[in-house]
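K.L.:
generate coordinates for the sequence data below:
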Amino acid sequence: KYRRNSADRRHPQARNLDRILSQVTQISQNLLNSPAARLPSEVLSTIFALVPRPHYPLHPDSTLGEPSNMICVQDLLPLTEVCRHWKDVAFGTPSLWSSILDRTIDPSRPPLYTHYVHKCTGGPLYVHLTREMSQSTQELLRQEGPRIRELYTTGFSSISLTKMSLPAIEHCEIISAATM
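P.N.:
A predicted model of the protein is given here:
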């Protein structure tokens, strides 16, 4: 008599899942052995710094002719999904996460930066606010004011900077909604 082993008696989807798992394992082993996975963290960090586009927080009436130190942080997010090593390197490089952009439309949703600003520990912050400030941003400005180097605001009907301590500010532009 022919005796089937337990793998033959399993459901076809389970056999298909085993095949897919085997393929994923092979792909991940190939990735771990790839040259990119073996790059030193310092080299990857330098490469990652070249990825994001500059963020131009400027209004046509701006007096600043050069781009700010702000970057489009969302350009970095795909790098954090390549592999664990790249994610660790990206999130372990504080300067990549120093740009704060608050385009709050729905005050009930936290701005994107709240998901990554904690990765930028101790370094300078570059902030661009549009519309009205979210509660998260107001709290960030109160707590991290001494770290803010650049502050741009556009589209505010009013903003009170008098309640903030900004001792390290190097550049500030406030463009009211009336001039837009």
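
K.L.:
all contacts plus neighbour counts: C-alpha atoms, from now on.
P.N.:
Fine.

K.L.:
residue 78 is in contact with residue 86, correct?
P.N.:
No. In this structure, residue 86 is not within contact of residue 78 by C-alpha atoms under 8 Å, at 9.9 Å.

K.L.:
give me the number of residues near residue 112?
P.N.:
Around residue 112 there are 15 other residues, counting by other C-alpha atoms under 10 Å.

K.L.:
quick one, which of residue 86 and residue 78 is more surrounded?
P.N.:
Neighbours per residue (other C-alpha under 10 Å) separate residue 86 from residue 78, with residue 86 holding more: 21 against 10.

K.L.:
was I right about residue 121 contacting residue 94?
P.N.:
Yes. Assessed by C-alpha under 8 Å, residue 121 is found in contact with residue 94 at 6.2 Å.

K.L.:
mind checking which of the two has more residues around it?
P.N.:
Set residue 121 next to residue 94 and count neighbours by other C-alpha under 10 Å: residue 94 wins out with 18 against 15.

K.L.:
how close does that one sit to residue 103?
P.N.:
Using C-alpha to C-alpha, to the nearest Å, residue 94 is found at 22 Å from residue 103.

K.L.:
also residue 119?
P.N.:
Distance, residue 119 to residue 103, using C-alpha to C-alpha: 20 Å.
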